[in-house]
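Chemist: Could you look at this predicted model? Sequence included:
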Amino acid sequence: MNHPPTESSDDPSEDRQVPNSVPVGGIDRFPPQVIRQNISEISLLLASPEDLPVRDLSAIALLCNRIYDVRVLVISDGTLSHPNSQKYPAPALQSLREQETLTALSILGVERAAVTFLRLKDGSVPTLTAFNFPRAKTLCQAYLKTALPDTIFIPWRFDPHADHRATWQLIQAAILSLGITPQVIEYPIWDWDIQQQQKTPDLVQISGWRLNIEPVLDRKCQAIAAYRSQLGQLIDDDPNGFCLSAELLTNFPRPWEVYFEEVL
């Protein structure tokens, strides 16, 4: 995302006072001393997300205003969600998943021209030690070299899904090789599934915060509803196919979202 808006700190709790944040790279960051004071509170990260400080959304998700240059890079082709479907073999499923993504992003105000599909094989996005990692990194490098983003939103580095972890590794490697310094903001996905949560190493270098999305929550829910193939509403000939569970989905209609940043 290029040129994101400035956000202001807003903690609704009466017993905690969060100092004004300092705008860096377009998005507010808490001063390092404040982040470190909160490290002990967020060491478990998603264990008590309601305790994380809140930032005001104001304009960042009001993408229909076309104020900010928002671009989306989709890493994998999504073709393993229903591998046994006869109605949707891999090429048809890839097309379907891409159309669902475009529909969802259109609801959020992102135009087709701003979306790039890298189409790496679902379930096999290469990790750092994979033989095909350099080629995938080169593709990410080429994209970032063109986009030159000020801020990058990327899956959480310890996400339970292997493709999400691999995506983090690819983008980080591409960033380092290009010598650029965008602000990197990570978001959890499968960590909301308690059964899939994994133990993580010491995370003293990670800060967590919440973003108030209440003004655009309805739009977010509409965008999620566009992914019919993942909600069990479309593909009916693969009983073992992937479907988002009702339990996991309850985490997304909240009036806030959780994000992580590395403390430099």
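Modeler: Everything's here; your move.
Chemist: all contacts plus neighbour counts: C-alpha atoms, from now on.
Modeler: Will do.
Chemist: Which residue is the nearest non-sequential neighbour of the residue in the chain sticking out farthest from the centre?
Modeler: Farthest-out residue of the chain from its mean C-alpha position, per C-alpha atoms, centre = their mean: Gln86, at 30.9 Å. Nearest residue to Gln86 in three dimensions, chain neighbours excluded: Asp237, at 6.9 Å (C-alpha to C-alpha, 6 or more residues apart in numbering).
Chemist: re the thing from before, hmm, the residue farthest from the centre of the chain is touching Asp236, no?
Modeler: No - at 9.8 Å, Gln86 and Asp236 do not qualify as touching, with contact defined as C-alpha atoms under 8 Å.
Chemist: Is it correct that Lys145 falls within a helix?
Modeler: Yes - per DSSP: H, G, I helix; E, B strand; the rest coil, Lys145 lies within a helix segment.
Chemist: Could you pull out the buried residues of stretch 257-264?
Modeler: Glu257, Val258, Tyr259, Phe260, Glu261, Val263 (16 or more other C-alpha atoms under 10 Å).
Chemist: How about residues contacting that stretch?
Modeler: Contact with stretch 257-264 is made by 32, 35, 49, 156, 184-188, 205-213, as judged by C-alpha atoms under 8 Å, 6 or more residues apart in numbering.
Chemist: so for that stretch, what's the average pLDDT?
Modeler: For stretch 257-264, the mean pLDDT works out to 87.
Chemist: How far does that stretch sit from its chain's centre?
Modeler: Distance of stretch 257-264 from the chain centroid (C-alpha atoms, centre = their mean, to the nearest Å) equals 12 Å.
Chemist: can you check stretch 234-250 too?
Modeler: Worked out by C-alpha atoms, centre = their mean, stretch 234-250 lies 20 Å from the chain centre.
Chemist: try stretch 79-96
Modeler: Counting by C-alpha atoms, centre = their mean, stretch 79-96 comes out at 24 Å from the chain centroid.
Chemist: cool, stretch 69-80 as well?
Modeler: 11 Å.
Chemist: ok so, going back, Arg119 versus the residue farthest from the centre of the chain, what's the distance?
Modeler: Going from Gln86 to Arg119 by C-alpha to C-alpha, to the nearest Å gives 21 Å.
Chemist: Quick check: which ranges of the stretch 101-250 of the chain have low pLDDT?
Modeler: Applying pLDDT under 70 to the stretch 101-250 of the chain flags residues 194, 198-204.
Chemist: What segments of it are strands?
Modeler: Remark: strands assigned in the stretch 101-250 of the chain by DSSP state E, counting those that start in this stretch are 115-120, 151-155, 183-187, 206-212.
Chemist: Mind jotting down where the helices sit in the stretch 101-250 of the chain?
Modeler: For the stretch 101-250 of the chain, applying DSSP state H, counting those that start in this stretch gives helices covering 133-147, 162-178, 217-225, 246-249.
Chemist: Of all these, which one is nearest Val110?
Modeler: Closest of the helices of the stretch 101-250 of the chain to Val110 is helix 217-225, at 11.3 Å (criterion: C-alpha to C-alpha).
Chemist: hmm, who's touching the closest one?
Modeler: So helix 217-225 is contacted by Thr103, Ala104, Leu105, Ile107, Leu108, Leu231, Phe252, Pro253, Arg254, Pro255 (C-alpha under 8 Å, 6+ apart).
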